[in-house]
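Peer 1: Take this sequence and fold it.
(2 chains)
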Amino acid sequence: MINYILRRILYALPILIGVNIITFVLFFVVNTPDDMARMHLGMKRVSQEAIVKWKDDHGYNKPILINSEASGIKKITNTIFFEKSIKLFVFDFGRSDSGRDIGYDISQRMWPSLAITVPSLLVGLLAYITFGLILAFFRGTYVDVSGVVLCVIMMSISGLFYIIGGQYLIGKFLHLVPISGYDSGLNAFKFIILPVLVGLIGGVGASTRWYRTIFLEEMNKDYVRTARAKGLSESSVLYRHVLSNGLIPILTGVVVILPSLFIGSLIVESFFAVPGLGSYTIDAINRQDFSIVRSMVFLGSVLYIIGLILTDISYTFVDPRVGLN
Amino acid sequence: KLIDKHTFEIVLKEKYPQFLYWLSMSFFSPIPWEADLFYSQKGLVEKNISLDWYPVGTGPFMLTENNPNRRMVLERNPNFRGESFPIDGEDIDLNIGLLEDAGKKMPFIDKAIYSLEKESIPAWNKFLQGYYDTSGIISDSFDQAIQFSAQGDAQLTDEMQQKGIKLLTATTVSTYYMGFNMADDLVGGDNERARLLRRAISIAVDYEEYISIFANGRGKPAQGPIPPGIFGHIPGEAGINPYIYYWGNNRAVRRPIKHAKELMQKAGYKNGINEVTGKPLVLNLDTPAAGPGSKAAFDWLRKQFSKLGINLVIRATDYNRFQEKMRKGTAQIFQWGWNADYPDPENFFFLLYGPNAKINHNGENAANYKNEKFDLLFDQMKSMKNGHNRQKLIDQMVELVRYDAPWLWGYHPVGFSLHHDWYKNAKPNLMANNTLKYKRINPELRKEQRVVWNKPIWWPIVLIFIAVIIILLPAFISYRRKESELMT
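Peer 2: Numbers count the residues shown, from 1 in each chain, chains lettered A, B, ... in the order given. Model (predicted):
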């Protein structure tokens, strides 16, 4: 297995370099270093001297990808791409264009993101599996039919509707929790309830239907028929056999997104004023802060690759037939 | 030159009265050299401890918590030198109770919390709940907050009045305009044909309608470059732009489209057909507004130009590319705006000063307007004190630019702000940023109102819970029956 993991890590290197190049090209096609300087220096009365000085101070005074005036290896190394990218591979994110330590900011802002995403995932899993089981259990009855219709309706509605509707109904109309905001420590609890609830309701349609399908597929297998033939009650069949076997695809689906929980949710953080990494990225894009954008894209890519490797590993734990050779 | 520990002297090379305004801008705030030295230490920079995050000053408040991503907290500075509330003001100030605190020591607030809201809808709802003391009005909530009287005056709706919310309005010292690139062969230049074309378009684009549709009526059509509130602006009949408006029914009335068509005919573009080429007139508008929300405004603009038979092509782009086009002078017509840096007409006229042209000079004269007479008057006017002589020069300058029409003068936005009953001493001031020290809060009333307005309502939750049980109960009973049948 170690060989497999090492091989996957080596495969990841060209992917990360590729992601970095694409990020560079896309970013600098839209924003030249001169544009970035103007954005940071303010829109009024920006002199060319000030732009040149800003670029010198922030390391944007070199060619972007290839330095045609340099010779040898310096054609590659004496560029913005090389100088801004190489340290990323040892997770040194450097400083933002406003001078702040990006690594420090990420370490501070990942906690609010996790405070929303982790409970959303756990509560969501519990709720969706329960709903999926109930629908599978009452398959063919009015509970199942009306549940599926409700799921289809709910998954057809935009996530934004749930956010605004949730804020209006639960925050403004019922006055049960704050509409938006965030606080540190235990004080954060009252602010987390609404985004978690909204996330839960927003995902209930698609997830419940998916879990229901998984459970129904399991319920039609031979081992379930055998269990029933042995005289086990329907609830025993469902909880002891169907649930444990149905968890295999659920678990692998969940593991792949685990690392991405750090990144947070762009829309949820924006609407609920949560100072997490999602809003950190959006703010950086709006401010044309390339140092943060490339760091977050790189971090997102690394976490996604880790998620895929973890998924492969998790297969070996939940399905003995799978081996990583 | 340093005079003593707390005084220094600046000698100007030429007369420049606006320098006083520059001194009041944030980048002129004196910083003790010890603070600069302290924050320059290597270890602090590495730990993100810098002057911009932990500022040093001598004002009435201290920034005790600075997390711009969540909230910033200002607390009373115990070492503040002390200032007293003004003892006089405008005539109306006394009548509306704005001088009740006259002579009292400021500030009146111990702590001010600024929370970051990225979306306007939650911010608005939290204001209505009483968790924010003041608020602007977003377009989506405008009808909920404001209604217009038969005379066209903005008033609060009954819902707002019942909550004790107050409304303040003020015309901002800003201008949103549409400019012609005077270096363009077709619409630019100091020739009668282009001038008539520009004036015809200026009449056709109905900014009164634009303000009504796209700004909820929150704007005043501009009569020239100077907004109300800045010296040189003349209100009423004497201040209208006679090339675009006439005075009727005690207000400025836009000239009819028939007049614009006559100007087009004189310019050689009868019904929008270029008499030289025989082809329909096609003009290009560059704008940085590229979002889906701008489509309605673009359609409206095309409709305005089509009144004259002109086919308007809108080239929407991102702001970086837009700026590049402006620097290179490749735009034909463009939309832009200007917020005053300081309350002086020089700060608006310099947008039309020849040596400030974008092309070649990279200045703020985006229209690349050049009129030697105007430039000469500008040089005289900029260093004069406000008074009759300055007003005379300003009137001449306004007349010159109205005649040449390098801009469609657009409109000056009117700012609407709301505040709760417990928020006192609120008076619009669109230039000053240091007004917190004048504000007073009635915390008891705020606390009381918050409790009254935000009583939790639980019954719908209980109702939903009961409904779910009622729906699932028959299924559960049927399951139990089935299970017991299997067991027997």
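
Peer 1: ok, now which ones touch the residue in the stretch 101-250 of chain A that chain B sits nearest to?
Peer 2: Here the residue of the stretch 101-250 of chain A nearest chain B is A:S180; by C-beta to the nearest C-beta that distance is 4.0 Å. The C-beta positions use only the backbone N, C-alpha and C, and glycine is treated the same way. For A:S180, the contact set (C-beta atoms under 8 Å, 6 or more residues apart in numbering or on different chains) comprises A:Q167, A:G171, A:F191, A:L194, A:F271, A:F272, A:A273, B:E117, B:E119, B:P122, B:A123, B:K126.

Peer 1: 6 Å instead, please
Peer 2: A:F272, A:A273, B:P122 (C-beta atoms under 6 Å, 6 or more residues apart in numbering or on different chains).

Peer 1: got it, and A:S265?
Peer 2: Here A:S265 is in contact with A:G278 (C-beta under 6 Å, 6+ apart).

Peer 1: Please determine how far it is located from chain B.
Peer 2: 13 Å (C-beta to the nearest C-beta, to the nearest Å).

Peer 1: Give me the nearest residue to the residue of the stretch 101-250 of chain A closest to chain B, chain neighbours excluded.
Peer 2: B:P122 (4.0 Å; C-beta to C-beta, 6 or more residues apart in numbering or on different chains).

Peer 1: What strand or helix carries that neighbour?
Peer 2: helix B:120-128 (DSSP states H and E).

Peer 1: what's that helix in contact with?
Peer 2: Here helix B:120-128 has contacts from A:Q167, A:K172, A:I179, A:S180, B:E117, B:Y132, B:S135, B:I138, B:S141, using C-beta under 6 Å, 6+ apart.

Peer 1: and those residues, which are buried?
Peer 2: A:Q167, A:K172, A:I179, A:S180, B:E117, B:Y132, B:S135, B:S141 (16 or more other C-beta atoms under 10 Å in any protein chain shown).

Peer 1: If we only consider those, which is nearest to B:K111?
Peer 2: B:Y132 (14.6 Å; C-beta to C-beta).

Peer 1: Shouldn't that closest one be within a helix?
Peer 2: No: under DSSP: H, G, I helix; E, B strand; the rest coil, B:Y132 falls outside any helix and is assigned coil.

Peer 1: Which pLDDT does the model give it?
Peer 2: With respect to pLDDT, B:Y132 scores 96.

Peer 1: okay, now the residue nearest to it when sequence neighbours are not counted: neighbour count?
Peer 2: Once flanking residues are discounted, B:Y132 sits nearest to B:K126: 5.4 Å by C-beta to C-beta, 6+ apart. Using other C-beta atoms under 10 Å in any protein chain shown, B:K126 is surrounded by 22 other residues.

Peer 1: Equivalent analysis for A:F27, please.
Peer 2: Neighbour tally, A:F27, other C-beta under 10 Å: 18.

Peer 1: Now it: closest residue in space, sequence neighbours ignored.
Peer 2: Nearest to A:F27 is A:F290, by C-beta to C-beta, 6+ apart, at 5.6 Å.

Peer 1: Just give the number of residues close to the one you found.
Peer 2: Count around A:F290 with other C-beta under 10 Å applied: 23.

Peer 1: tell me the pLDDT at it?
Peer 2: So, for A:F290, pLDDT stands at 83.

Peer 1: Quick check: it vs chain B, distance?
Peer 2: 13 Å.

Peer 1: For the contacts of A:S180, please prepare a markdown table with the additional fields distance to B:Y210 and neighbour count.
Peer 2: Formatted as a markdown table, the contacts of A:S180 follow (distance: C-beta to C-beta, whole Å; neighbours: other C-beta atoms under 10 Å in any protein chain shown):
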| residue | distance to B:Y210 | neighbour count |
| --- | --- | --- |
| A:F272 | 35 | 30 |
| A:A273 | 33 | 24 |
| B:P122 | 29 | 24 |
